[in-house]
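# here's a sequence, model it:
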Amino acid sequence: MPCATEVLDRFYSVRLGVSLPDLKPGQVGVGTCDRRTYAERGFGFVRLLWVMHFGDRAAASVHPAALAEVARLAWGRKPGEMLQDDFLSPACQALQRALARVAMGGGEMSVICYHPGGAEAVPCDGEVRALTPADKDKRMGEHPYMSAAEHPSAARGEAFGVFVGGGLVGEIITHEPSVTEMADLVAEDGIGVAEEYRGRGYGKALLAAWTREMQARGRVCVHSTSVGNAASIGLAGSVGYVEYARGRSVTWGELE
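Residues are numbered from 1 along each chain as shown. Alright, predicted model coming up:
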């Protein structure tokens, strides 16, 4: 069975349109990925520009209309330089010229973590279990997102909640896969705890339970957040997640 990083290298090779295993240390690869799977799931931004730095390698996925110019801009740059404004700004300008009706700007840097395997259970003073449709009426506190009980992953037993006194105070879902053919190999979480109940270990217990379930189903688990979100990065690390890559994508307006 391939290790977690081998699976993720395959996953992001498809997602970015660049074969990561073929990149040598210090190299930057530029490709184009205009796959229907992204449009179907709302990942249309990948058709514009997505830059990722994988430690000693880097890859940029760009719209075909600006592929040559962005490749020229990337030539001779070191992997870490790909995330900086002095690359992203002219790359966005190249895209702007190619796609004149799309308003673009540099996106926030993100960090992508993964679990190498063998997640441990984390106890808490609440009950952590898979969600059912009836649980959407049990939420307590202020939740920023839709009820995880109504998310498609709940029907597959891939959404969990933490209950305190019978009330639902935290939830975790499995995002819809951005690479359809690898949906059985990679899983990315979306997690939230009601603000009034944070700092009590509920997020850690949720992430641990979800990770253990996904690993039991043969999936590599991914947790992504903004590079400035220390709480989210710390949460992932407390469950055993380690950094895989850093990324940055453009923001955009109306795409015709």
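
# ok, for residue 147, nearest residue in space, not its chain neighbours?
The shortest distance from residue 147 to any non-neighbouring residue, by Cβ to Cβ, 6 or more residues apart in numbering, is to residue 136 (4.0 Å). Any C-beta I mention is one placed from the backbone N, CA and C, and that applies to glycine too.

# would you confirm that the one you found contacts residue 143?
No - between residue 136 and residue 143 there is no contact under Cβ atoms under 8 Å: 10.6 Å.

# report pLDDT for the residue nearest to residue 147.
Note on residue 136: pLDDT of 88.

# cool, and the one 4 residues further on?
Per-residue confidence (pLDDT) for residue 140: 91.

# show me what contacts it?
Contact partners of residue 140, counting by Cβ atoms under 8 Å, 6 or more residues apart in numbering, are 164, 167, 168, 169, 194, 196, 197.

# got phi/psi on it?
Backbone dihedrals for residue 140, given as degrees, to the nearest 10, come out at phi -120, psi 140.

# run through the neighbouring helices and strands of the helix or strand in which residue 129 is found.
Element membership for residue 129 (DSSP states H and E) is strand 127-130. Applying 3 or more Cβ pairs under 8 Å, 6 or more residues apart in numbering; DSSP states H and E, we find strand 127-130 packed against strand 160-164, helix 202-216.

# that one: what's the following helix or strand?
Beyond strand 127-130 in the direction of the C-terminus, DSSP H and E gives the next helix or strand as helix 152-155.

# name the residues of that following helix that are buried.
Within helix 152-155, the residues that count as buried by 16 or more other Cβ atoms under 10 Å are 153, 154.

# contacting residues around it?
Contacts for helix 152-155 (Cβ under 8 Å, 6+ apart): 130, 131, 132, 133, 148, 159, 173, 174, 175, 176.

# what's the answer for stretch 223-232, then?
Applying Cβ under 8 Å, 6+ apart, the external contacts of stretch 223-232 come out as 108-115, 188-189, 191, 207, 233, 236, 241, 246.

# and residue 251, how many neighbours?
Residue 251 has 13 neighbouring residues, counting by other Cβ atoms under 10 Å.

# okay, it: pLDDT?
Here the pLDDT value assigned to residue 251 is 71.

# separation between it and residue 80?
22 Å (Cβ to Cβ, to the nearest Å).

# equivalent analysis for residue 103, please.
Taken as Cβ to Cβ, the span from residue 103 to residue 80 is 28 Å.

# one more: residue 9?
From residue 9 across to residue 80, the span is 19 Å (Cβ to Cβ).

# quick one: which of the two has more around it?
residue 9 (20 against 12).

# can you pull out the strands in the stretch 151-256 of the chain?
Ranges of strands within the stretch 151-256 of the chain are 160-164, 167-174, 186-193, 220-226, 242-252, based on DSSP state E, counting those that start in this stretch.

# could I get the ones you listed in JSON lines, plus columns for distance to residue 51?
Output for the strands of the stretch 151-256 of the chain, formatted as JSON lines (distance: least, Cβ to Cβ, whole Å):
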{"stretch": "strand 160-164", "distance to residue 51": "33"}
{"stretch": "strand 167-174", "distance to residue 51": "26"}
{"stretch": "strand 186-193", "distance to residue 51": "19"}
{"stretch": "strand 220-226", "distance to residue 51": "14"}
{"stretch": "strand 242-252", "distance to residue 51": "5"}
